[in-house]
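# Fold the following, please.
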Amino acid sequence: MTYYCRIIFKSFNSDQVDEFVNHCNEYKWETITSFNILEGENRIIGNEVDLFDEKLEKKFSFQLIPDKNGEKSDKYEKITLAFCELTMNFKRFEEILRTEHRSIAMTAILTSISKDISPQRFEQVLQNIFCLSKIALGSIHQKHYFAATYLHRAPEEPTEVFQKFLTEYRGIEPEGSNMLAIFEHDRDSLVVAFPDTFEVRNIMTAEGERESVKTGNRIIELRMKYSSIRRIIVSLDYNEEDGITATFTLQFRYPPMVYIWDEFKGKDDENAKFRNGQRWLSWRGKSVEVALARASCLVLEAFNVEGRVLMDCLDRLRKNIDSPIEFRFLYWKAVNFDGKKRTVINPSYYENINFFSELDKHPNFKHLSDPKYFPLIYAIEALISHGGELYDCFFRPPYGCFIKFMYKVVQCYEYELEKYPDSKYTRTVATLENMVQQMHGVS
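Sure thing, here's the model as predicted:
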């Protein structure tokens, strides 16, 4: 059977696309055969996620390598391994061209076209479940860099409280993992669940020493509606120990909701129970709350993934978000913060900062308190209050270009006030409002 896919090239010109195609044709593929680039090249404009971002597109076809010695392997497992090889090598070809042409913006994205890539009959109709090793919050920068503001790894040892919660309250057989992603297709929602044991410090023990004592167990759930997801990026890898590893990067319109299930025991109860999940802003204090508010992506790293389950889940997601699934890798970006190089940015940088108060230190901005500047200040406040990638670009090290940004927009605004004194609306304010609309996909 022949399968059809497309490669979307961002920041490539036609000659660079031809170079990429030559690398594909010269490579000896291990999981696929009959790799063939179809004739023609399409030029497409951006969608809701990348407005005004022009791209080039190439379609190609391939076939799976037949089983050897009469062995019969799972079709969707072979398709998943083929996508592993394609994405890993596309990443390598992309790095070669970025180095050669000195362009960090060059990005190659693999998407599927054929319906036969996904199962036509659903074995798990209501939900798909994946075992996770970690989750992360953050934003995408420069199209293929991911800057994390929060990272949480699954506990290594299985916890009894989590296994009990899954069995009694979720109706799920424990799979030996302490963190699960549950895609509930019948409810059009995603639930990420994991245990959280909190501790307090005793003042003093009988021996006169301090110690940490576990005071309770609880289950954390992060819930997202499919309608809140605007883009899905899947990174596939394979090794002998963990099998197929799939990393889901879900770019959302608004952050997931946090629900906490507390464990308790009644007076006459021998077994612990759970109080119904209550919604909270955080489960680990202000730092997680700020990370959730400022992030634009949720990352889920799944291991021991079954090919059929993965392709089934991605097909359901694609139909719900009405956007193609992107198969590619994101580079986790380490930046300098407080003089140290870190992969995860300390979200305390975001806490209770009034950036407009910093303008008082600059004599060129003291006149902004004049009422005639109110439309400009209001538009800037609307822009930076939404968080996400734009906020990170303005305020997060090593960018922090807010002051430069203010100089530019104030200069443009004052120029228009002087040139068009009778105008009730300036193009500078209109541009800022348009930027806010683009962040929400409003045309």
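# So residue 62 sits against residue 37, correct?
No. In this structure, residue 62 is not within contact of residue 37 by Cβ atoms under 8 Å, at 10.3 Å. Just so you know, the C-beta spots here come from the backbone N, C-alpha and C atoms, and that holds for glycine as well.
# And the longest helix along the chain, how far out from the chain middle?
If you go by DSSP state H, the chain has its longest helix at helix 75-101. Offset of helix 75-101 from its chain centre (Cα atoms, centre = their mean, to the nearest Å): 20 Å.
# Compute the inter-axis angle for the following helix or strand past it and helix 75-101.
Counting by DSSP states H and E, the next helix or strand C-terminal to helix 75-101 is strand 107-112. Here strand 107-112 runs at an angle of 160 degrees relative to helix 75-101 (axes from the mean of the first three to the mean of the last three Cα atoms, to 10 degrees).
# And the contacts of strand 107-112?
3-12, 20, 83, 86-87, 90-91, 93-94, 118, 143-144, 324-328 (Cβ atoms under 8 Å, 6 or more residues apart in numbering).
# give me that answer again for 6 Å
5-10, 86-87, 90, 94, 143-144, 324, 326-328 (Cβ atoms under 6 Å, 6 or more residues apart in numbering).
# Give the buried subset of the residues you listed as a PyMOL selection command.
In PyMOL, this line selects whichever of those come out buried by 16 or more other Cβ atoms under 10 Å:
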select buried, resi 5+6+7+8+9+10+86+87+90+94+143+144+324+326+327+328
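# which ones among the contacts of strand 107-112 are found in helices?
86-87, 90, 94.
# Relative to residue 161, which of those residues is nearest.
residue 87 (37.0 Å; Cβ to Cβ).
# Helices along the stretch 251-400 of the chain, start to end?
286-294, 307-321, 374-384, 388-395 (DSSP state H, counting those that start in this stretch).
# Report the rounded mean pLDDT for the last one.
When you say that, I think you mean helix 388-395. Mean per-residue pLDDT for helix 388-395: 66.
# let's have the chain start at 585 instead
In the new count, where the first residue is 585, that last one comes out as helix 972-979.
# returning to what we had before: go through the contacts of strand 691-696 and flag which are in strands.
If you go by DSSP state E, the contacts of strand 691-696 have 589-594, 910-911 in strands.
# and the chain, what are its domains?
586-700, 705-788+795-920, 937-1023 (automatic domain parsing).
# right, so the ones you listed: which one is the most enclosed?
domain 705-788+795-920 (a mean of 17; mean count of other Cβ atoms under 10 Å).
# Would you mind checking the average pLDDT for that domain?
The predicted model assigns domain 705-788+795-920 a mean pLDDT of 81.
# try stretch 607-620
Mean predicted confidence for stretch 607-620 is 92.
# can you list contacts of that stretch?
645-647, 649, 665-666, 669, 677.
# Off-centre distance for that stretch?
The answer for stretch 607-620 is 30 Å, by Cα atoms, centre = their mean.
# cool, and stretch 586-593?
23 Å.
# May I have that stretch as CSV, with CA atoms only?
Presented in CSV, the C-alpha positions along stretch 586-593 are these (Å, rounded to 0.1, in the frame of the first residue of the first chain):
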residue,chain,number,x,y,z
THR,A,586,1.2,3.5,-0.8
TYR,A,587,0.9,6.3,1.8
TYR,A,588,0.9,10.0,1.1
CYS,A,589,2.4,12.8,3.3
ARG,A,590,3.5,16.4,2.9
ILE,A,591,6.5,18.4,4.0
ILE,A,592,5.8,22.0,4.9
PHE,A,593,8.9,24.2,4.6
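# Could you give the average pLDDT over that stretch?
Across stretch 586-593, the per-residue pLDDT values average to 91.
# that older thread, pick the one among the ones in helices among the contacts of strand 691-696 closest to residue 819.
For those, the nearest to residue 819 is residue 671 (6.9 Å; Cβ to Cβ).
# doesn't residue 911 make contact with the closest one?
Yes. Under the criterion of Cβ atoms under 6 Å, residue 671 makes contact with residue 911 at 4.8 Å.
# ok so, going back, what about the longest helix of the chain, average pLDDT?
92.
# and it with helix 891-905, angle?
Between helix 659-685 and helix 891-905, the angle comes out at 70 degrees (the same axes, to 10 degrees).
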